[in-house]
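Participant: sequence plus the predicted model coming up.
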Amino acid sequence: MAIRNIRHDGDDVLRKVCKPVEKMTPRIETLIEDMFDTMYEANGVGLAAPQVGILKRIVVIDVCDGNAYCLINPEIIEADGEQIGDEGCLSLPGLVGTVERPNHVVCKALDINMEEITVEGEGLLARAICHELDHLDGILYKDKVSDGLRAAEPPAESEE
Ligand code: NI
């Protein structure tokens, strides 16, 4: 188990566009394990590779629905409905903001075996997928908040 340093807002690495993963390597497998460890340690529901300083298109998500997703080179292929709710981010600790997201998304990606998977999400899972995929293009949720950021009420247990 290895916990990596989470980069915070203001770090340039969070504003870069990440590169696709072309093949699985032992190094990337370790990165993915570390991303899960780091996310769970921080009580997050999602983490993207650039948040630990790696510019690769990899995210991990666990919204406590019984699934732990690793999505490699993910793409949203369908999005519909809307939800308006609070969002946080492990790279902006202690803050939340209101963001509108689709209520339902279908996401195509590769799993850790580099096999194609499709993940369908509603509600929190849809929100987490959108939030994490934005990180891969250098977008932070604060770019999309409708009414500014505010202090999270402690304990912040659902930061993404
Ligand atoms: Ni985030």
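Facilitator: Right, received. Where do you want to start? Quick caveat, the model's predicted, so the values are computed rather than measured.

Participant: where exactly do the strands run in the chain?
Facilitator: In the chain, the segments counted as strands under DSSP state E are 46-48, 58-61, 69-80, 83-87, 95-101, 104-110, 116-122, 149-151.

Participant: how close does residue 140 get to residue 108?
Facilitator: Applying CB to CB, to the nearest Å, the value for residue 140 to residue 108 is 23 Å. C-betas here are computed from N, CA, C, even on glycine.

Participant: give the buried residues for the longest helix along the chain.
Facilitator: Ranked by residue count and defined by DSSP state H, the top helix of the chain is helix 26-41. By 16 or more other CB atoms under 10 Å, the buried positions in helix 26-41 come out as 28, 31, 32, 34, 35, 36, 37, 38, 39, 40.

Participant: now for these: which two are most distant?
Facilitator: Across the buried residues of helix 26-41, the longest distance by CB to CB is 19.0 Å; it joins 28 and 40.

Participant: residue contacts, the nearest residue to residue 80 once chain neighbours are set aside?
Facilitator: Distance criterion CB to CB, 6 or more residues apart in numbering; nearest residue to residue 80, sequence neighbours excluded, is residue 104 at 5.3 Å. Residue 104 is in contact with 78, 79, 80, 81, 120, 121, 122, 126, counting by CB atoms under 8 Å, 6 or more residues apart in numbering.

Participant: looking at the strands of the chain, spot the one closest to the ion.
Facilitator: strand 46-48 (6.5 Å; CB to the ion).

Participant: mind listing what's buried along that closest one?
Facilitator: 46, 47, 48.

Participant: what pLDDT does the model give the residue in the chain positioned nearest to the ion?
Facilitator: Proximity to the ion, evaluated over the chain using CB to the ion, is greatest for residue 89 at 3.1 Å. Looking at residue 89, its pLDDT stands at 98.

Participant: I figured it was touching residue 134, is that so?
Facilitator: No. Contact criterion CB atoms under 8 Å: residue 89 and residue 134 do not qualify, at 9.7 Å.

Participant: so which of these two has more stuff around it?
Facilitator: Higher neighbour count among residue 89 and residue 134: residue 89, with 28 against 19, using other CB atoms under 10 Å.

Participant: could you dump the contacts of residue 104 to JSON lines with distance to residue 67?
Facilitator: Shown next, in JSON lines, are the contacts of residue 104 (distance: CB to CB, whole Å):
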{"residue": "78", "distance to residue 67": "19"}
{"residue": "79", "distance to residue 67": "20"}
{"residue": "80", "distance to residue 67": "21"}
{"residue": "81", "distance to residue 67": "21"}
{"residue": "120", "distance to residue 67": "11"}
{"residue": "121", "distance to residue 67": "10"}
{"residue": "122", "distance to residue 67": "13"}
{"residue": "126", "distance to residue 67": "14"}
